[in-house]
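Q: Sequence below, structure please.
(one chain, ligands or ions: 2)
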Amino acid sequence: MKVFVNKRIPEAGINMLKEAGLEVFIPEHENLSHEEWLIFCQNNDAILSIGAEFKYDKDFFDQCPNIKTIALYSVGFDHVDIKEANRRNIPVGNTPDVLSKATSDIAFLLMQSVARRASYNFQKVKDGNWGDFDPLHALGQELYGKTLGIMGLGRIGFEMAEKSHKAFDMKIIYHNRNRNEEAEKKLNATYVSFEELIEQSDVLSVHANFTPEQKDLFNMPVFEKMKSNAIFINTARGGFQNEKDLYEALISKQIWGAGLDVTNPEPMSKESPLLELSNVCVLPHIGSATLEARTGMAKMAAENIVAFSKGEKIPYCANPEVYSKNS
Ligand SMILES: NC(=O)c1ccc[n+]([C@@H]2O[C@H](COP(=O)([O-])OP(=O)(O)OC[C@H]3O[C@@H](n4cnc5c(N)ncnc54)[C@H](O)[C@@H]3O)[C@@H](O)[C@H]2O)c1
Ligand SMILES: O=C(O)[C@H](O)CO
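A: Ligands and ions are numbered 1, 2, ... in the order given. Model (predicted):
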């Protein structure tokens, strides 16, 4: 079986593919045009897919009929049309759990960075503007005992809630598609409606999986209902926030600050007005960027492809229904 890996990944994953006797194609240059990417996909049986700039939609599947499985190098699969994959019996792999600690660490870091204005103050130092000790300048807010609202309490949301509860004794409220009994028991978390979540959170952290219906869910009418001291954190997908409204909400002090690891679009333009605000911290989608998580992701994606090549079910599957729909 021929496997296209569209960017270099930690060697452990590539070694697993080669040891399984698979032919591996990694392009010499990494920033493929859409056309180049399609040609690689047309000439291979499987793709170990890094990044989300190209979509796996009907057009893709029509143009690349050889592709029999896709092993995503991510847990998120919002760039894949799962219905189309199912229709064509294509198992889609992803990388759950292994990156939950790393990604929730980034949500936790953003929460603190915004609360204590760390990136603003770091920028001041870099600008040679240390400033005098000023009892009134750039004051942050403490997180102890505050209410953390988790939108989407799954794997990463749970880790963020647990860390924040332990570190700052934060009260956890959450909104999710299903109740999470473990969080209710372990963290004394309270299930609330979306309305209650936005109205009661001092920090609101988004961890839900993105779907097109949720585009711009966090818009001005929502920001208007949030507390004026609220910090908005998003490490899930940039599509959840309307960035124009977020900017307006921040300058009109509807909310207090924002920390983003994901933006819409990505990369964020350096002209984005959000970058001019002292109460905003933006990171370039680095949630899973630790050696441990990225190595684990490489191994899981490789495991998926190796299993497929042996005619087995892929172990980390984003569309398990693909295996049951014809049975
Ligand atoms: N910033 C990064 O680098 C990075 C890294 C990993 C994951 N992510 C993002 O984080 C997301 C979550 O990952 P996970 O492993 O925790 O997924 P998960 O499936 O374990 O958890 C997501 C939870 O969100 C809930 N949910 C979805 N839509 C909802 C809605 N409208 N209302 C309420 N709840 C809703 C689901 O029920 C689920 O419990 C991924 O889909 C991905 O987009 C980002
Ligand atoms: O979903 C994920 O795993 C991250 O966003 C990396 O793409």
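Q: Give me the most central residue, the chain.
A: residue 236 (3.5 Å; C-alpha atoms, centre = their mean).
Q: Nearest residue to it in space, please, no chain neighbours.
A: In this structure, residue 236 finds its nearest non-sequential neighbour in residue 206, 4.7 Å apart by C-beta to C-beta, 6 or more residues apart in numbering. (C-beta placed from N, C-alpha, C; glycine too.)
Q: Which parts of the stretch 1-150 of the chain are helices?
A: Applying DSSP state H, counting those that start in this stretch to the stretch 1-150 of the chain gives helices spanning 11-19, 34-42, 58-63, 82-87, 100-115, 118-126.
Q: Which residues does the fourth one contact?
A: In this structure, residues lying in contact with helix 82-87 by C-beta atoms under 8 Å, 6 or more residues apart in numbering are 56, 57, 58, 61, 70, 91, 92, 318, 319, 321, 322, 325.
Q: With respect to residue 170, which of the helices of the stretch 1-150 of the chain lies nearest?
A: helix 100-115 (9.4 Å; C-beta to C-beta).
Q: avg pLDDT for that closest one?
A: Per-residue pLDDT over helix 100-115 has a mean of 98.
Q: got the angle between that helix and helix 118-126?
A: With axes from the mean of the first three to the mean of the last three C-alpha atoms, to 10 degrees as the basis, helix 100-115 and helix 118-126 are set at 60 degrees to each other.
Q: if I pick the residue in the chain that ligand 1 sits nearest to, what's in contact with it?
A: Here the chain gets closest to ligand 1 at one residue, residue 154, 1.8 Å apart by C-beta to the nearest ligand atom. Residues near residue 154 by C-beta under 8 Å, 6+ apart: 176, 207, 208, 209.
Q: repeat for residue 264
A: Contacts of residue 264 (C-beta under 8 Å, 6+ apart): 237, 238, 239, 241, 243.
Q: Looking at these, which is nearest ligand 2?
A: Using C-beta to the nearest ligand atom, the contacts of residue 264 come closest to ligand 2 at residue 237, 7.4 Å.
Q: for the closest one, what are its contacts?
A: Here residue 237 is in contact with 76, 78, 209, 210, 262, 264 (C-beta under 8 Å, 6+ apart).
Q: Any quick ChimeraX command for the buried ones out of the residues you listed?
A: Of those, the buried ones can be selected in ChimeraX as follows, counting by 16 or more other C-beta atoms under 10 Å:
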select :76,78,210,262,264
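Q: Tabulate the contacts of residue 237 (JSON lines), appending distance to residue 201 and pLDDT.
A: Listed next are the contacts of residue 237 as JSON lines, based on distance: C-beta to C-beta, whole Å; pLDDT from 0 to 100:
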{"residue": "76", "distance to residue 201": "23", "pLDDT": "98"}
{"residue": "78", "distance to residue 201": "24", "pLDDT": "98"}
{"residue": "209", "distance to residue 201": "20", "pLDDT": "98"}
{"residue": "210", "distance to residue 201": "19", "pLDDT": "98"}
{"residue": "262", "distance to residue 201": "19", "pLDDT": "98"}
{"residue": "264", "distance to residue 201": "21", "pLDDT": "97"}
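Q: quick one: the residue nearest to the centre of the chain and residue 193, what's the gap?
A: 19 Å (C-beta to C-beta, to the nearest Å).
Q: likewise residue 270?
A: Distance from residue 270 to residue 193, by C-beta to C-beta: 38 Å.
Q: about what we covered before: out of the contacts of residue 237, which two sit at the greatest distance?
A: Top of the distance list for the contacts of residue 237 (C-beta to C-beta): 209 and 264, 15.5 Å.
Q: Provide the contact partners of the longest helix out of those in the chain at residue level.
A: The residue-count maximum for a helix in the chain (DSSP state H) belongs to helix 291-309. Applying C-beta under 8 Å, 6+ apart, the external contacts of helix 291-309 come out as 1, 3, 9-14, 16-17, 20, 22, 46, 48, 68-69, 71-74, 91, 93, 95, 98-99, 101-103, 288, 313-317.
Q: Quick one: mean pLDDT for that helix?
A: The pLDDT scores in helix 291-309 average 98.
Q: Helix or strand next in line after that helix, which one?
A: Downstream of helix 291-309, the next assigned helix or strand under DSSP states H and E is helix 321-324.
Q: Next, the buried residues of that following helix.
A: residue 322.
Q: Keeping just the C-alphas, turn it into PDB.
A: Output of helix 321-324 as PDB, limited to C-alpha atoms (Å, rounded to 0.1, in the frame of the first residue of the first chain):
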ATOM      1  CA  GLU A 321     -20.300   3.800  11.800                       C
ATOM      2  CA  VAL A 322     -18.400   3.100   8.500                       C
ATOM      3  CA  TYR A 323     -17.900  -0.400   9.900                       C
ATOM      4  CA  SER A 324     -21.500  -1.100  10.900                       C
END
